[in-house]
Each structure stands twice: as structure tokens, then as C-alpha cells.
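Student: After the sequence you'll find the predicted model.
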Amino acid sequence: MSDYIPEELVFDILSRLPSKSLLRFRSVCKSWRSLISSSNFKSAHLKTYNLSNPRNFIRHFDLMVDKEYCSVHFDDEALTMVPDTLIEFPFRFCNYCTLSFLRMIGCVNGVVCLFHGNCDTYEDKIILWNPSIKKQLIVTPAMFNLGHAQYWCLIYGFGYDETTDDFKVLRLAYDFRLFSTPRASVEVYSVKNGVSRAWFPNDLPCNYSTSLDAWSQVFYNGCVHWIICDYAIGGSTASILRFDMSTERFGSIALPKYLVKKPAFYLKLTVVRGCLTVIYTKRPRFSFPGPSGYIISAMTEYKNTDSWALIYDVQFPYDMGRVLRLRENGGIVMGAGYGDLKYYNFNSGYFLDSYSRFVVEDAIYIGGYQESLALLDEGHPERDAEQDE
């Protein structure tokens, strides 16, 4: 049948279909299999399909049953779950640690990057997972084998190098037993080549007095970004550290003046309406009741520090929780204790979602999600990671 249809039309039609359907259509004929597996088609499908199908990825750890779950949700007001997308995470490494949830490093082009630090062996594992096609890849353990890893401070990043069509995993490593570390070691793992390399960068503005937020990374404009805080004499100063996935060079971006003296652990990076955005959250500590406040600023022109614009400065008489996501429509999704999700809309107030089970707050993640064919060739069928032990 494809002999009677122009190749350009076949390309356009297939690029508008969900990933699950494309997996089946690869069996139609050799030409379709070759087309769907090509880099050009994967890139076109990522852009075309997701342009008209904005989604959200939600994962949480349920302490009552000691299991992790994830689901895909429409980007509507109520974050309605897409039918048949609620699944249990197919990964589990530690049999002895009760709070054995995997940390989310990031989600880029449909690939979820997860971290697990084994409490028995101190061996870190990185999982790259594409839920839409059920493919996963466990990064070569040798990359993360540090001997005496309990003494190392490890910072991870995950992103995509568009110039080489390659996903990369980045790790910064500090030995915190040392009073002074002139520079951290840096390792980058290439998914496309299946190899990693390490070096001591001269352009990394970090020393013994600096600290990075290990779990507040965001991939934007080809770079991974973290909040960094310099605890020099005279008080702390927060800023943004960035790493270009293409050039593999570090750089920094200054925060708005009204945020540079804020504690780094109250700051979170995200992307809203195509702009790099920083969220400052002031909440009562140790679960004590009290008011909460949020300052949200966006950089309207990337790397232009004069373009920081204040979006919101809001206060609540009670704890609304940790900001999980700032919606494109301006609403804020927050996660409080025991897994309650609060969605605040400045026009209609807020409502609570249904995640009210005993859920670990730090294990709740909500982010934008794109279906893709990434890891189609590099990945393996997902399976319970316990089998790998």
C-alpha cells in the first residue's frame, strides 16, 4: 500500500501517532521499520506528536505498600490521568532499605533518568527509562565505582546533545573528607557510544566552600542547570551553575538580587513558558504548622541577568507544601506531607488531588512529559531490576 502513497505523506502521518502504535507498525514492512528507526523520524515524531498532546509525568513512592508508581496525565485543569498509564515502577534494587525510592534526576525527550544509591554496597546505579516504549538502560556500573563512596558528595545531571543526537549522564564528585578541594572530578557517560570519560575541569567554579543542590537540576537550552551556593566568609551567595552538553563546558548565571542571599535548599529550578525559572519557597520547618510563601522569577532572555522578571510573590496563612510544578497556565502544583497535592490557580483558588495515601513527600515528582522513540535501539525491555542483582 505504501507504494501508492508518497513517502513524505507516510512520514507525516506516522509522526503524528503514539509511540506504542509505531512499535507495532515497525513490523509492517522493512521500509517502515527503517523509517521509524531513523534519527530524522525520531526527532520529527518528538516534535510533531507532542505539540498537540501535552502531558505530565507523575511518580510517587507509597510507604504503605513500599512501592513506587508512575502515571501520565493530561495537561488540563484537573491533571486527569491518561487511561491505562498507572503502572508500578519496574525497578527495585535494595531489599533492606524501607525508604527505597529512586531519585528522579530528570526527564528529557521522553527519557526518565533515575538514581539509586545502594545502602549496602554504596554502589550507585543510574537507570534511563522510556515508559512509552518500555525500554530501559542501566548505565555501566564501572562509571560510578568510586571506592569508599560513602565519603563522596555526588551531583548528577542528565541531558541531550542535539549536535550528536546523544543522551548524556553527568556526574560531579567531591571527597568531603578533605578540608579543601581545588576542583571536583567530572564524568560524562555517552549513551550513543556506551563509554564514559573523566577529567578535572578548570572552568568549574566550585571549591570546599560551595554546595550544589543534588536534586534540583533542570535541562534547558542544551544545558543542565543546578542551584549552587558559596558559603564563603560573610554569608552564603546563591547562583546557577550550568553545563553545556554539546561543548561540555561549565558556566554560571547570576540570580535576581532579591534571591542571591536566600538559602540554596529553598530554591528550585524549572522551565515555564520557555523560560528558565527559579522558585523560592519559604515553609515551616520540621512539619510545624505555619504560613508559607513563594517567590517565582523567570529569565525572559536566556543568560541575560537583566531580564529576570518577578512572576509571583504570594503568601498563604498555612503550609501549602513544596512546589512541584508551575503550569503553563500560571497555576502552581504543590506537594504537602502524606502525598496531598495542592493545585493553586490565581483565578479560582486551589483544590486537592487524590494522592492522599501515606506518600513520601520527597519522592513526589511532577514534570512535563513527551512521548518519544528514544532508547529504541540502545535500550533493553524493562524488567525488575532485582533480577540484575
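Tutor: Yep, it's here. Small disclaimer: the values here were computed from a predicted structure and weren't measured.

Student: Let me see the ranges of the helices in the stretch 1-150 of the chain.
Tutor: If you assign secondary structure with DSSP state H, counting those that start in this stretch, the helices in the stretch 1-150 of the chain sit at 7-14, 19-25, 30-37, 39-51.

Student: Adding mean pLDDT, distance to residue 245 and mean neighbour count, write the ones you listed out as CSV.
Tutor: In this view, the C-beta of every residue, glycine as well, is placed from N, C-alpha and C. CSV is the format used below for these (pLDDT from 0 to 100; distance: least, CB to CB, whole Å; neighbours: other CB atoms under 10 Å):
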stretch, mean pLDDT, distance to residue 245, mean neighbour count
helix 7-14, 90, 27, 13
helix 19-25, 92, 23, 15
helix 30-37, 91, 23, 15
helix 39-51, 92, 16, 16
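
Student: can you put those in CSV and add distance to residue 301?
Tutor: Supplementary listing: the helices of the stretch 1-150 of the chain in CSV, determined by distance: least, CB to CB, whole Å:
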stretch, distance to residue 301
helix 7-14, 34
helix 19-25, 34
helix 30-37, 38
helix 39-51, 23
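
Student: nearest to residue 228, of these?
Tutor: Among the helices of the stretch 1-150 of the chain, helix 39-51 comes nearest to residue 228, with 30.4 Å by CB to CB.

Student: quick one: contacts of the closest one?
Tutor: Contacts of helix 39-51 from elsewhere in the structure, counted by CB atoms under 8 Å, 6 or more residues apart in numbering, are 11-12, 14-19, 22, 35, 109-110, 165, 370-374, 376.

Student: what are the ranges of the strands in the stretch 101-250 of the chain?
Tutor: Counting by DSSP state E, counting those that start in this stretch, the stretch 101-250 of the chain has strands at residues 103-108, 111-117, 124-130, 135-138, 152-161, 166-175, 185-190, 195-199, 210-212, 218-220, 223-230, 237-244, 250-254.

Student: which is the next helix or strand following the helix or strand hosting residue 281?
Tutor: Mapping residue 281 onto the secondary structure by DSSP states H and E places it in strand 275-282. Using DSSP H and E, the helix or strand that directly follows strand 275-282 along the chain is strand 292-299.

Student: Now do that next one against strand 275-282, angle only.
Tutor: Here strand 292-299 runs at 160 degrees with respect to strand 275-282, directions being taken by axes from the mean of the first three to the mean of the last three CA atoms, to 10 degrees.

Student: Work out the gap between strand 292-299 and the centre of the chain.
Tutor: What separates the centre of strand 292-299 from the centre of its chain is 20 Å, taken as CA atoms, centre = their mean, to the nearest Å.

Student: partners of it, with directions?
Tutor: Each strand that pairs with strand 292-299, with its direction, by DSSP bridges: strand 275-282 (antiparallel), strand 308-316 (antiparallel).

Student: list the buried ones in that strand?
Tutor: Within strand 292-299, the residues that count as buried by 16 or more other CB atoms under 10 Å are 292, 294-299.

Student: would you turn these into TSV with distance to residue 259 and pLDDT?
Tutor: Output for the buried residues of strand 292-299, formatted as TSV (distance: CB to CB, whole Å; pLDDT from 0 to 100):
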residue	distance to residue 259	pLDDT
292	17	84
294	12	88
295	7	91
296	10	91
297	7	94
298	12	93
299	12	96
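
Student: now the strands: where do they sit in the stretch 251-389 of the chain?
Tutor: Listed in chain order, the strands of the stretch 251-389 of the chain (DSSP E, counting those that start in this stretch) span 267-272, 275-282, 292-299, 308-316, 322-326, 332-335, 341-345, 349-352, 365-369, 380-381.

Student: for the stretch 251-389 of the chain, which spans come out with low pLDDT?
Tutor: Low-confidence segments of the stretch 251-389 of the chain (pLDDT under 70): 284-288, 330, 336-341, 346-363, 379, 382-389.

Student: Try it again at 50.
Tutor: Residue ranges of the stretch 251-389 of the chain with pLDDT under 50: 352, 354-358, 384-389.

Student: Please apply the same query to the stretch 1-150 of the chain.
Tutor: When residues are selected by pLDDT under 50, those of the stretch 1-150 of the chain lie in 1, 98-99, 144.

Student: give me that answer again for 70
Tutor: Under the criterion of pLDDT under 70, the regions of the stretch 1-150 of the chain flagged as low confidence span 1-3, 63, 89-101, 117-124, 140-150.

Student: Could you export the strands paired with strand 292-299 as CSV, including distance to residue 79?
Tutor: Rendered in CSV, the data for the strands paired with strand 292-299 read as follows (distance: least, CB to CB, whole Å):
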stretch, distance to residue 79
strand 275-282, 18
strand 308-316, 20
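
Student: Comparing those, which stretch has the densest surroundings?
Tutor: Using mean count of other CB atoms under 10 Å, the stretch among the strands paired with strand 292-299 with the largest mean neighbour count is strand 275-282, at a mean of 21.

Student: Compute the inter-axis angle for that one and strand 267-272.
Tutor: Strand 275-282 and strand 267-272 are oriented at 140 degrees to each other (the same axes, to 10 degrees).
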